[in-house]
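Trainee: Dropping the sequence and predicted coords here.
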Number of protein chains: 2
Amino acid sequence: MKKRIRIIDIAEKAGVSKGTVDRVIHKRGHVAPAVKKRVLAVMEELDYRPNVIASALAYNRVWKIAALLPNPDEDPFWRQPKNGIQKALNSTRDYGINVDFFHFPDADTKAYANCCDQILTGNYDAVLVAPVYYNEAHKFLNECEEISLKYFLINTYLKREDASFQCYVGQDSYQSGVLAAKLLDFGIEHGDAVMVLHLEKGVYNSKHLLEKEQGFQNYFIEHSNRNIQIIKTSYENPTDTNAFRKFINYQLKSYPNLKGIFVTTSRLYQLVDVLSEGQAEKIKLVGFDLIPANLDYLRAEKINFLINQNPVKQGYLGILNIFEHLVRKKEVTPIQHLPLDVVMQENLKYYLEADEKIHLMI
Amino acid sequence: MKKRIRIIDIAEKAGVSKGTVDRVIHKRGHVAPAVKKRVLAVMEELDYRPNVIASALAYNRVWKIAALLPNPDEDPFWRQPKNGIQKALNSTRDYGINVDFFHFPDADTKAYANCCDQILTGNYDAVLVAPVYYNEAHKFLNECEEISLKYFLINTYLKREDASFQCYVGQDSYQSGVLAAKLLDFGIEHGDAVMVLHLEKGVYNSKHLLEKEQGFQNYFIEHSNRNIQIIKTSYENPTDTNAFRKFINYQLKSYPNLKGIFVTTSRLYQLVDVLSEGQAEKIKLVGFDLIPANLDYLRAEKINFLINQNPVKQGYLGILNIFEHLVRKKEVTPIQHLPLDVVMQENLKYYLEADEKIHLMI
DNA sequence: TATATACATGTGCTCGAAAACAAAAATTAC
DNA sequence: GTAATTTTTGTTTTCGAGCACATGTATATA
């Protein structure tokens, strides 16, 4: 077991003081070229690795981070990323990471603008943004760019080329559509029909839903020998059960060879709500997200697959990337897609447990 | 942003010195009951949380860990857990975690016993064990128990009730069989037949293979309405391609309604090797492990699903649990099953990337 | 040569907790 | 009541790196 190399060890071996070694390490200048070379050589030779713990302690600086997210009390989905953020905080607190949350109520642009103002004038070192509203988000990010406020995106991808853009953590919408197609394809026969169904208002403004659809469609185009017919539909208000049931029954009658449905949102359970026993048995179903209503149907074997893109981890990795960037001064990967987990009744529990166990380390 | 509470803050508020607070925190005794009560009350009131960084630095102690694994140069599988161990080390080194590796060549019981001796007499604080050989492992763990050497198991589960047993991280063999059954079931028809195929020597000594088989079988027993016939087979030496091909052709002739095969080891690729184009297309295939040979066939859509139980993470979590136990003095969960990831061509890349990204934190 | 100036190098304090050590107070023994 | 002993409490050093400040050395300018 070899002794750990400290700055002082390098200093001694190079015949200088620790102050000089420190200046070399941090490139602070004021070191004679010959000395610098000697110090670097010794560092190389002894394979010096800074003690990150001592470093963090001595740094003793506080990093101000803002997190701009929809209100988790209104939209329960956001409880999970917020949870992940808080878990990351437990690991990073002693390194000086400090997060202020900014939540805005759904579709309240005034409150939203207010949040943005506070963040822009609040002297933050970085901001974690869920850019759920396309236009507003772009506007805010432009402003961040102006004051060189570094931003990290989670959940929804926005194409940005700014210097202030650091990284995105979230889903790969297109690929999740491809995956859904492959899953359904495995369970149906040559010549069957499948449906991609959006249960959401304003689908044609939601880029990620369209990407899912595109991925789904492209799979079957690339597997044209399977001769699968694709039906694209959307339905805005599945909460009105009776009307929705009529709509679905009409679809099933129109396409008697329909054997699989892909619901692009987390609302697959609302489709199952209106399917009869016989219908549900005949049609394979794929959807998103491990929310309780979906899980009930997954356990009852009425839903075949749920695709999961760990929302807790989104928040966790969001903060972790900020930590790596600010504290460790590392380059972060610009695009970080979360795994597309294929969840079934048989492997569900591991994914539910996994969220509890993100207790890792810095 | 609230200031972090330090020991000295508590000391001041309680009207004592930081030495006294320290004694209370660490239960070192030598504190008057009344004072202890006052200090605890202040700690509670100010919600004191120790600065783990400063704590780790001051501790300045080295933990000696031994890792007993098969030689990764002989069995490439073990390269991955070892990789995970090394990644965990990068995160924990500064906390004083120090690992010595002990590798034994395959089936060399003398070398194995030698490793064990070294570990038992080497004054280690904990040992991470992959108990691949049933009898030898039990013997070693008994000896650990005698000298109160704490052990942590990875990869293969051994039922132990000792006080020295801390936790197991690894696969859930039974459940992976159930999952494989469900996957195949989704792709076949009522009345078809499926095969569970062991490609390994000494199957009936390998408890985890039998558990996989059991899980597979029980799924179909519980779904008897599907009326699926189960064929159990094993073949010891698939490397002899010609003989193996004959064997498989014979099986396929014997069971013309065979529509799915579950290979219980990572050797599914050897089955695909001997299947003709036409045969591979008709039969759905499920197996284990993201090894290159399997991945080639997965990408070529000849393998339908690979079940993955992140081997890198096994090693990583093994060390992390030791860290949590020794350094953080936390209770660790005794049984920790890794997620059973369902891997297809369409979501493969995320799982391959994921291994790179375990860079998490302490 | 004296002095200002720039640059190179060394010293010492800091972060917060741990623990050895020193001092003070309380208790016991005689 | 005093000395010896035990118990309680306070002080100081340590961990390794960061950084402000002090000191030292060489070059330029008068």
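Mentor: That came through fine. None of the values given here were measured: they were computed from a predicted structure. Numbering: from 1, shown residues only, chains lettered A, B, ... in the order given.
Trainee: can you list the domains in chain A?
Mentor: For chain A, automatic domain parsing gives the domain ranges A:7-50, A:59-171+A:311-339, A:173-308.
Trainee: Of all these, which one is nearest DNA strand C?
Mentor: Closest of the domains of chain A to DNA strand C is domain A:7-50, at 2.9 Å (criterion: Cβ to the nearest atom of the strand). (Each C-beta comes from the backbone N, C-alpha and C, glycine too.)
Trainee: mind checking how far the closest one is from the chain centre?
Mentor: The chain centroid and the centroid of domain A:7-50 are separated by 41 Å, computed with Cα atoms, centre = their mean, to the nearest Å.
Trainee: what are the phi and psi values for the residue of the stretch 251-362 of chain A found nearest DNA strand D?
Mentor: Using Cβ to the nearest atom of the strand, A:Lys329 is the residue of the stretch 251-362 of chain A that sits closest to DNA strand D, at 9.5 Å. Main-chain torsions, A:Lys329, degrees, to the nearest 10: phi 60, psi 40.
Trainee: Pull the number of nearby residues for it.
Mentor: 7 (other Cβ atoms under 10 Å in any protein chain shown).
Trainee: Reformat the domains of chain A as TSV; add mean pLDDT.
Mentor: Output for the domains of chain A, formatted as TSV (pLDDT from 0 to 100):
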stretch	mean pLDDT
domain A:7-50	94
domain A:59-171+A:311-339	91
domain A:173-308	94
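Trainee: What is the neighbour count of the closest residue to A:Leu158 other than its chain neighbours?
Mentor: Nearest residue to A:Leu158, sequence neighbours excluded (Cβ to Cβ, 6 or more residues apart in numbering or on different chains): A:Pro131, at 4.9 Å. For A:Pro131, the count of nearby residues is 21 (other Cβ under 10 Å).
Trainee: what's near enough to touch A:Pro131?
Mentor: A:Ala137, A:His138, A:Phe140, A:Leu141, A:Leu153, A:Thr156, A:Leu158 (Cβ atoms under 8 Å, 6 or more residues apart in numbering or on different chains).
Trainee: Then A:Ala293?
Mentor: A:Tyr269, A:Gln270 are the contacts of A:Ala293 under Cβ under 8 Å, 6+ apart.
Trainee: can you pull out the strands in chain A?
Mentor: A:63-70, A:97-104, A:126-129, A:150-155, A:165-170, A:193-198, A:229-234, A:258-263, A:284-288, A:305-308, A:335-337, A:341-343 (DSSP state E).
Trainee: Next, the angle from the fifth one to strand A:150-155.
Mentor: Going back to what we said before, that points to strand A:165-170. Here strand A:165-170 runs at an angle of 10 degrees relative to strand A:150-155 (axes from the mean of the first three to the mean of the last three Cα atoms, to 10 degrees).
Trainee: for the second one, same thing?
Mentor: Compare the direction of strand A:97-104 with that of strand A:150-155 by the same axes, to 10 degrees and you get 60 degrees.
Trainee: hmm, back to that, and the gap between the residue nearest to A:Leu158 and A:Gln80?
Mentor: 17 Å (Cβ to Cβ, to the nearest Å).
Trainee: next one: A:Leu184
Mentor: 26 Å.
Trainee: Tell me which of the two has more neighbours.
Mentor: A:Leu184 (28 against 20).
Trainee: Touching, the more buried one and A:Lys284? I think so.
Mentor: Yes - shown here, A:Leu184 and A:Lys284 form a contact pair, counting by Cβ atoms under 8 Å, at 5.7 Å.
Trainee: ok, and does stretch A:253-265 reach over to chain B?
Mentor: No - judged by Cβ under 8 Å from any Cβ of the partner chain, stretch A:253-265 makes no contact with chain B; its nearest approach is 11.0 Å.
Trainee: Residues in contact with that stretch: which ones?
Mentor: Residues outside stretch A:253-265 that contact it (Cβ under 8 Å, 6+ apart): A:177, A:180-181, A:184, A:187-189, A:191-200, A:209, A:212-213, A:216, A:229, A:231, A:251-252, A:271, A:282-288.
Trainee: Mind checking which of the contacts of A:Pro131 are in helices?
Mentor: A:Ala137, A:His138, A:Phe140, A:Leu141 (DSSP state H).
Trainee: Can you say which two of these are spatially most distant?
Mentor: A:His138 and A:Phe140 (7.4 Å; Cβ to Cβ).
Trainee: Which residue of the two possesses the greater neighbour count?
Mentor: Neighbours of A:His138 and A:Phe140, each counted by other Cβ under 10 Å, are more numerous for A:Phe140; the result is 24 against 14.
Trainee: give the contact list for the more buried one.
Mentor: Going by Cβ under 8 Å, 6+ apart, A:Phe140 touches A:Leu68, A:Cys116, A:Val129, A:Pro131.
Trainee: Excluding chain neighbours, what is closest to the third one?
Mentor: Beyond its immediate neighbours in the sequence, the residue positioned closest to A:Val129 (Cβ to Cβ, 6+ apart) is A:Leu68, lying 4.9 Å away.
Trainee: Okay, and the beta partners of the closest residue to A:Leu271 other than its chain neighbours?
Mentor: Distances taken as Cβ to Cβ, 6+ apart place A:Val263 nearest to A:Leu271, at 5.8 Å, with adjacent residues excluded. Beta-bridge partners recorded for A:Val263 (DSSP bridges): A:Leu197.
Trainee: residues in contact with A:Lys246?
Mentor: Neighbours of A:Lys246 in contact, by Cβ under 8 Å, 6+ apart: none.
Trainee: For it, give its distance to A:Pro256.
Mentor: 17 Å.
Trainee: what's the closest non-adjacent residue to the closest residue to chain B within the stretch 101-250 of chain A?
Mentor: Closest residue of the stretch 101-250 of chain A to chain B, Cβ to the nearest Cβ: A:Leu179 (4.2 Å). Ranked by Cβ to Cβ, 6+ apart and with sequence neighbours excluded, the top spatial neighbour of A:Leu179 is B:Glu346, at 4.2 Å.
Trainee: for A:Glu143, same thing?
Mentor: Once flanking residues are discounted, A:Glu143 sits nearest to A:Leu120: 5.7 Å by Cβ to Cβ, 6+ apart.
Trainee: just how off-centre is stretch A:130-141 within its chain?
Mentor: For stretch A:130-141, the distance to the chain centre is 16 Å (Cα atoms, centre = their mean).
Trainee: mind listing what's buried in it?
Mentor: For stretch A:130-141, the neighbour count (16 or more other Cβ atoms under 10 Å in any protein chain shown) marks A:Ala130, A:Pro131, A:Val132, A:Tyr133, A:Ala137, A:Phe140, A:Leu141 as buried.
Trainee: from the residues you listed, which is closest to DNA strand D?
Mentor: A:Leu141 (29.1 Å).
Trainee: if I look at the closest one, how far off is B:Asp273?
Mentor: Taking Cβ to Cβ, one finds A:Leu141 at 52 Å from B:Asp273.
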